[in-house]
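# Next one to model:
(chains A, B, C and D)
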Protein chains: 2
Amino acid sequence: MKKSITIKEIAEEAQVSIATVSLVLNKKDKKISEGTRENILRIAQKYNYTPNTMARSLITRQTRTIGLIIPDIVNPFFPEIARGVEDKASQLGYSVIYCNTDDKIKREDKYIHVLMEKMVDGIISAHSADREEGFDGLARCKVPVLLIDRDYDNKNVIGRVLVDNRAGAYQATSYMLKQGYRRIAYIAGCISTATARGRLEGYHQALEDWGIGPEHRYVKVGEYRMQWGIEAAEQLLQEKTPMDGIFCGNDLIAIGVIKKLKEWGLAVPRDMGLVGFDDIYLASLVEPPLTTIKQPNYEMGYRAAEMLIRHIEKLRGEGDTKNESQQTAAESTLFLPTELIVRQSTK
Amino acid sequence: MKKSITIKEIAEEAQVSIATVSLVLNKKDKKISEGTRENILRIAQKYNYTPNTMARSLITRQTRTIGLIIPDIVNPFFPEIARGVEDKASQLGYSVIYCNTDDKIKREDKYIHVLMEKMVDGIISAHSADREEGFDGLARCKVPVLLIDRDYDNKNVIGRVLVDNRAGAYQATSYMLKQGYRRIAYIAGCISTATARGRLEGYHQALEDWGIGPEHRYVKVGEYRMQWGIEAAEQLLQEKTPMDGIFCGNDLIAIGVIKKLKEWGLAVPRDMGLVGFDDIYLASLVEPPLTTIKQPNYEMGYRAAEMLIRHIEKLRGEGDTKNESQQTAAESTLFLPTELIVRQSTK
DNA sequence: CTGAAAGCGCTTACAG
DNA sequence: CTGAAAGCGCTTACAG
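Residues are numbered from 1 along each chain as shown, chains lettered A, B, ... in the order given. Sure thing, here's the model as predicted:
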């Protein structure tokens, strides 16, 4: 395509060496005379000079690009994260290459390999599922990795930004308790993840703090889908579980529950308290609008990009004390608080 | 960070020249003896060799990376597009850097500049709004640009993938007409775009084909938001416009309309036909589920990536006949059909 | 079949 | 204050 002008050509026109041009263009021009400087800048301007970052990266070993690995941008859980990452990254002068893994470890491996080839400076990953078998992508990764949303153990991980699911579930459950509901069921999504365990713990803790013993029949475990909400609600109602409130693993489940409750002639929140984690951001659109626990997804992405890039630049600053810097870089975990969004009138 | 092994080091260990290593690793090894080949491959494998694409790109002038410019990945309209782009790109061996402009021409310009620096091979852009003033980012862009969803005139544009909004609106309106509705209102979003004009045309055409003259009072123009749906429906009802059906600019509007209709004790589809463009993919979640015109967004992204990359590689094939290739590359426009998704029982 | 060499566009000590 | 030179890791004609 159209070829850009190079510093060599600028040097010729300005009658100076390419070193001088490079110095000026990189603002390391303390010791360059004002005249030369302005002349060079003027010529660069005139030809609309764009530096070739390939050449630069080859020397500096930095690309100012990071990789973002998520399961699926179409899943409404991820766009906010992706946006947070991109906002902070671009603000700090970084670009982001994004990758969809569909939660397949194999695709994740492939992407990590590609990102290594493209020499990204770091990777933010919502790690695929929990299957650790055969997994080595992250391990052989040569750049810092920052985990979001899902925890995972790996030597290249330099930090984590997670949601405080335990506190969120506690918040949801105790909110209903304060509203006067006493027999609160929990319809969970899949339970194998740390996320799900945290939510279950928070739910139990709240009940305990209110002197209510946990009962097995109040907890249903399935998946984060509307259909599961419908089924689980049906089960609970069929089993005649005496309940006056339901805490839902996420809002899709909650929407399903509402549909089922309507069938049975039960209204929210009059006959039944209802709070769900707000994964999908549909809460305000359904009828009645859901009271939810808001996931700090945008912030998660934003903080993740910030932490990762800070780490990258610190590493660079430390220069060649490589091995030690690896160790000193304290691997840190950030737990983001959730927020209760009340959208229903009280009982 | 950890340094990768280079072809030079492989060459040393294999006792051959770096040229030979390069040839083997790039599979241009027709004339390299089997023994040498296998030896090199074995060593590369052993040290987990990862080519430095910076160095390669510097010579080949290709990065196998494309840029994706969209207003906002959080807007539910865009994730499907982004996914389609990424799927096709990665399938063809390309990565994608994505950028959110918030529909601000200034941010778009900045991103285009960054993408030029990173030397992407091409750009897919859902161009910001329709304000052309002061805009020159795309114009000074040095790589092929492919437009999606929104049309725009520019010399660097080598193709477009758009939605056939006219046909979609025609489909929606004539569906309602076939259902027996006769007085169909149109609640539009903003009308300044080609998209909106296409939809209005399709609506008018359908009415005309059924021998129904257009009436001004049946068309309300606002924005693509739920609130506008509520207001517009209120207006239509207040004005006692005799109508039995409403075509909505998108599903957010449709959701607003439903809320208002409920207030007035009107049921969909019994008392009022309703079809909207499915921008947000909420149609199946609301009550009653909406019948909608589905946007082929995933396909739009997918086809866009395909067209762009084909173009890039054709250009490369043509080599240095630069100026001519620019012209011969026929600028093509693809109109994708919409699909009617019926989710309500008939009248 | 394989090697020596030039060069992609830039940065960075090191001289002067 | 500025230039000459080495070099980042690779590809690609061109010799042999």
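# name the helices or strands packed onto the longest helix along chain A?
In chain A, assigned by DSSP state H, the helix with the most residues is helix A:297-318. Applying 3 or more Cβ pairs under 8 Å, 6 or more residues apart in numbering or on different chains; DSSP states H and E, one finds that helix A:297-318 contacts strand A:65-70, helix A:79-91, strand A:122-125, strand A:145-148, strand A:157-163, helix A:322-328, strand A:332-336. Bear in mind the C-beta positions are built from the backbone N, C-alpha and C, glycine included.
# Mind checking those for the one nearest to B:Gln295?
Judged by Cβ to Cβ, the one of the helices and strands packed on helix A:297-318 that comes nearest to B:Gln295 is helix A:79-91, at 16.5 Å.
# and the angle from the closest one to helix B:79-91?
Orientation of helix A:79-91 against helix B:79-91 (axes from the mean of the first three to the mean of the last three Cα atoms, to 10 degrees) gives an angle of 70 degrees.
# For the helix or strand just after helix A:79-91, what is the distance to the chain centroid?
Downstream of helix A:79-91, the next assigned helix or strand under DSSP states H and E is strand A:95-100. Its chain's average C-alpha position is 13 Å from that of strand A:95-100, according to Cα atoms, centre = their mean, to the nearest Å.
# same deal with stretch A:42-60?
33 Å.
# What residues of that stretch count as buried?
Across stretch A:42-60, burial judged by 16 or more other Cβ atoms under 10 Å in any protein chain shown covers A:43-44, A:49-58.
# can you check stretch A:98-109 too?
Buried residues in stretch A:98-109 (16+ other Cβ under 10 Å): A:98-101, A:103, A:105, A:107-109.
# ok but A:Asp103 is inside a helix, no?
No - under DSSP: H, G, I helix; E, B strand; the rest coil, A:Asp103 falls outside any helix and is assigned coil.
# Hmm, it is touching A:Asn75, no?
No - at 9.6 Å, A:Asp103 does not count as touching A:Asn75 under the criterion of Cβ atoms under 8 Å.
# Can you tell me how far whatever residue of the stretch 151-300 of chain A ends up closest to DNA strand D is from A:Leu146?
Among all residues of the stretch 151-300 of chain A, A:Asn156 sits closest to DNA strand D, at 20.1 Å; criterion: Cβ to the nearest atom of the strand. For A:Asn156, the distance to A:Leu146 (Cβ to Cβ, to the nearest Å) stands at 10 Å.
# Just want to know which of those two has more residues nearby.
More crowded of A:Asn156 and A:Leu146, by other Cβ atoms under 10 Å in any protein chain shown: A:Leu146, with 28 against 20.
# Contacts only, for that one.
Residues in contact with A:Leu146 (Cβ atoms under 8 Å, 6 or more residues apart in numbering or on different chains) are A:122-125, A:157-161, A:304, A:307-308, A:311.
# Can you check the pLDDT for it?
If you check A:Leu146, the pLDDT there is 94.
# cool, and the one 10 residues further on?
A:Asn156 is assigned 81 on the pLDDT scale.
# Within reach of DNA strand D, which of the buried residues of stretch A:98-109 are there?
For DNA strand D, no contacts are drawn from the buried residues of stretch A:98-109 by Cβ under 7 Å from any atom of the strand.
# Between all of those, which two are separated the most?
A:Tyr98 and A:Ile105 (18.0 Å).
# thinking again about what came up before, thought the residue of the stretch 151-300 of chain A closest to DNA strand D was touching A:Pro144?
Yes - between A:Asn156 and A:Pro144 there is a contact at 6.8 Å, judged by Cβ under 8 Å.
# tell me the contacts of the residue lying closest to A:Trp210 once chain neighbours are set aside?
In space, and not counting its chain neighbours, A:Trp210 is closest to A:Leu177: 5.0 Å by Cβ to Cβ, 6 or more residues apart in numbering or on different chains. Residues in contact with A:Leu177 (Cβ under 8 Å, 6+ apart) are A:184, A:206-207, A:210, A:212.
# Buried among those? Need that as a selection in PyMOL.
Those of these that count as buried under 16+ other Cβ under 10 Å are selected in PyMOL with:
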select buried, chain A and resi 184+206+207+212
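# Need the max-distance pair from the contacts of A:Leu177.
So, the contacts of A:Leu177 by Cβ to Cβ: farthest apart are A:Ile184 and A:Trp210, at 9.6 Å.
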